[in-house]
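*Asks:* Need coordinates for the following:
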Amino acid sequence: MKKIIILASLFGLIFSNLFANEVNIFSARHYDSDVQLYKQFTAKTGIKVNVVSGKDKALQKRIKAEGADCVGDLYITADAGRLGAFQAEGMFQRGASSSGVKKAVSSNFRTAYWTGIAKRARVIYYNPSKTTPRPDMSYEDLANPLYKGKVVIRKSSNVYNQSLVASLIQNNGSKKTAEWAKGIVSNFARTPKGNDRAQILAVAAGEAEYAVANTYYVALMLSGKKGPEQQTAAKKVAPFFPNQEGRGTHMNISGGGILKHAPNKKNAIKLLEFLVTPEAQKHIVNNTFEYPIIDGVEPSQLISQFGLGFKQDLKTKVSSYGKRQAEALKIMTEAGWN
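*Replies:* Residues are numbered from 1 along each chain as shown. Predicted structure coming up:
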């Protein structure tokens, strides 16, 4: 009798785990506000959200190592190139572009395997009291000898730079991009170092005239969350949106894909669809200072104050970044971009 009870209990435990009303996220995004968002999802749907947070490389290593035993349903991270590279390794399954996601998100910012949940622009920062960019200034112009000793940007190992250069390869070809890389390296005001905020700080301090960095960083600094010194520095700079007379400003995403062995695929799709609703988008943009991935929602005032009418690069599919990141890194390295 005892054996029957034990077996029944074990079966019940296994059955409940197999059919649990939950979704498991492996997330490389480090925002407390995301946790609040998942709580809202649970309140609306009754689906429990379990989150494993970590850095991209560590999470990807774990997902690969666990294989079919991995309990993860969704992998969420920043940068389309990362998502594309992980897709190329066969770690996602189709389903991210559900009917709900397709209605909300432009095809430029999603694939069958993953979808954007927020956008970010990689722009050029300058100090308005010291210089004024030409209205037609482009990323390509940063290689012009006119800007020798005036440009700061992160290391070539930075994934945002890799995606930017990947987009240049996509639009201009490998040969021209290699020439551009040599040109911008010769224009560096200093050896690349620090994060995006460090580049903005360099312009504020007069160490450089132009810095390349993502838009949400200046809003983060202006919010005061990084201290009064960075807030003061951020007030000295302004973002310039390049390539307005051409393809438009380089755009990237935060996004999520359904993992290959997801045990709760339907719940994963429900969560992705929730993340691209107006309710969720308002929460995201007002806490992370990214741009909404859907129409009809305005970003935080700290971002919208710089203008919302800029031309976004909708010509270049973000799915191309992952395919060209390795080549982008090779080009940067060969140009002496450390």
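*Asks:* Just give the nearest non-adjacent residue to Tyr31, would you?
*Replies:* Across the structure, with CB to CB, 6 or more residues apart in numbering as the measure, the residue nearest Tyr31 apart from its sequence neighbours is Thr288 (5.6 Å). Glycine gets a C-beta too; all of them are placed from N, C-alpha and C.
*Asks:* Quick check: the gap between that neighbour and Ser107.
*Replies:* Here the criterion is CB to CB, to the nearest Å. By it, Thr288 lies 23 Å from Ser107.
*Asks:* between these two, which one's more packed in?
*Replies:* For Thr288 and Ser107, the more surrounded residue by other CB atoms under 10 Å is Thr288, and the numbers stand at 21 against 11.
*Asks:* Tell me who's in contact with the more buried one.
*Replies:* Counting by CB atoms under 8 Å, 6 or more residues apart in numbering, Thr288 touches 31, 33, 118, 216, 254.
*Asks:* What does the pLDDT read for it?
*Replies:* At Thr288, the predicted lDDT confidence score is 97.
*Asks:* What of the one 3 residues further on?
*Replies:* For Tyr291, the pLDDT comes out at 98.
*Asks:* for the closest residue to it other than its chain neighbours, helix, strand, or coil?
*Replies:* Excluding the flanking residues, the one nearest Tyr291 by CB to CB, 6+ apart is Lys119, at 4.0 Å. Three states are possible here, and by DSSP: H, G, I helix; E, B strand; the rest coil the one that applies to Lys119 is strand.
*Asks:* pretty sure Lys119 contacts Ile253?
*Replies:* Yes - the pair Lys119 / Ile253 is scored as a contact, 5.6 Å apart, by CB atoms under 8 Å.
*Asks:* what residues are shared contacts of these two?
*Replies:* Residues touching both Lys119 and Ile253 comprise 109, 293, with contact defined as CB under 8 Å, 6+ apart.
*Asks:* quick one: which of the two has more around it?
*Replies:* Ile253 (28 against 24).
*Asks:* Look up phi and psi at the more buried one.
*Replies:* For Ile253, the backbone dihedrals (degrees, to the nearest 10) come out as phi -140, psi 160.
*Asks:* Name whatever forms a beta bridge with Asn50.
*Replies:* Partner residues in beta bridges with Asn50, using DSSP bridges, are Asn24.
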